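Enquirer: Just a sequence and a predicted model for now, questions to come.
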Amino acid sequence: MSRDKDRNGGERGRKTVTAQPRLHQKAGEIQRYGTVTPMLPLELEEPVRLEMTEQLNQLLADTMTLRDLYKKSHWQVAGPTFYQLHLLFDKHFGEQSELVDTIAERIQLLGGISIAMAADVAETTRIERPPRGREEVPVQISRLLDAHQLIIGLCRKLSKRASDLGDEGTNDVVVSDVLRTNELQVWFLDEHLVDEPLIHAE
């Protein structure tokens, strides 16, 4: 161990700096899930931030599930519309991935803890779990639309509640980012369920 002088001229111990990583470290949590840090200069009271982070975590779990449902559909889509839907599903997956990050960062900004792991998401989401196997295109699209409907309903309730509580930042994220993206994706999806002839007009 190297030594240097303290302010009175005496020697004091100093750990040698090393490039060896400190592996397999464990310790207790520094913040429990479901709590918010008590003192933040956001002009939002702790009960407001607790309520908002709880609701945002529900929105986050549902959005993460919808994101993964889009990737499942992207991989497993089959039939004459494969090319168009393969690309559309992947585009929507990317947009939902961006929303996941936006929602999670809003939770952290409010002093909360974002849900993160797949097992926790599966326990929290309200979206029905699909089978592991491949489904027909109309069923895939119907599943996606049902998931969107759940998220859009929560967005409308959450945005109003956030505004009533004075949390305009959460209101803006929910409306400008999450709600508008989901509404647009619904429009692109539901047109694929219109029973319209492809070759001969009726």
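Expert: Noted; the coordinates are in hand.
Enquirer: I figured L69 hits S142, correct?
Expert: No. Using C-beta atoms under 8 Å, L69 is not in contact with S142; the gap is 11.4 Å. Heads up, the C-betas are built off the backbone N, CA and C, glycines and all.
Enquirer: Those two: which has the busier surroundings?
Expert: Neighbour comparison, L69 and S142: the larger count goes to L69, with 24 against 15 (by other C-beta atoms under 10 Å).
Enquirer: pretty sure the more buried one is in a strand, no?
Expert: No. Read with DSSP: H, G, I helix; E, B strand; the rest coil, L69 is helix and lies in no strand.
Enquirer: For the closest residue to D167 other than its chain neighbours, give me phi and psi.
Expert: Distances taken as C-beta to C-beta, 6 or more residues apart in numbering put M52 closest to D167, at 5.5 Å, once the chain neighbours are dropped. Dihedral pair for M52: phi -70, psi -40, per degrees, to the nearest 10.
Enquirer: Would you map the helices across this protein?
Expert: Remark: helices assigned in the chain by DSSP state H are 46-76, 82-109, 118-124, 137-164, 168-172, 180-190.
Enquirer: Name the helix or strand of this structure that has the lowest mean pLDDT.
Expert: When each helix and strand of the chain is scored by mean pLDDT, DSSP states H and E, strand 3-5 comes last, with a mean of 53.
Enquirer: pLDDT score for the residue nearest the centre of the chain?
Expert: The centre of the chain sits closest to V100, judged by C-alpha atoms, centre = their mean, with a distance of 2.8 Å. Here the pLDDT value assigned to V100 is 98.
Enquirer: That one reaches D62, doesn't it?
Expert: No. If you go by C-beta under 8 Å, V100 and D62 don't touch, sitting 10.4 Å apart.
Enquirer: where in this structure is pLDDT low?
Expert: Low-confidence segments of the chain (pLDDT under 70): 1-13.
Enquirer: before we move on, back to that, ok, the residue nearest to the centre of the chain - contacts?
Expert: L60, T63, M64, R67 (C-beta atoms under 8 Å, 6 or more residues apart in numbering).
Enquirer: just curious, which of those residues is nearest to L189?
Expert: R67 (14.5 Å; C-beta to C-beta).
Enquirer: Fine by me, we can end here.
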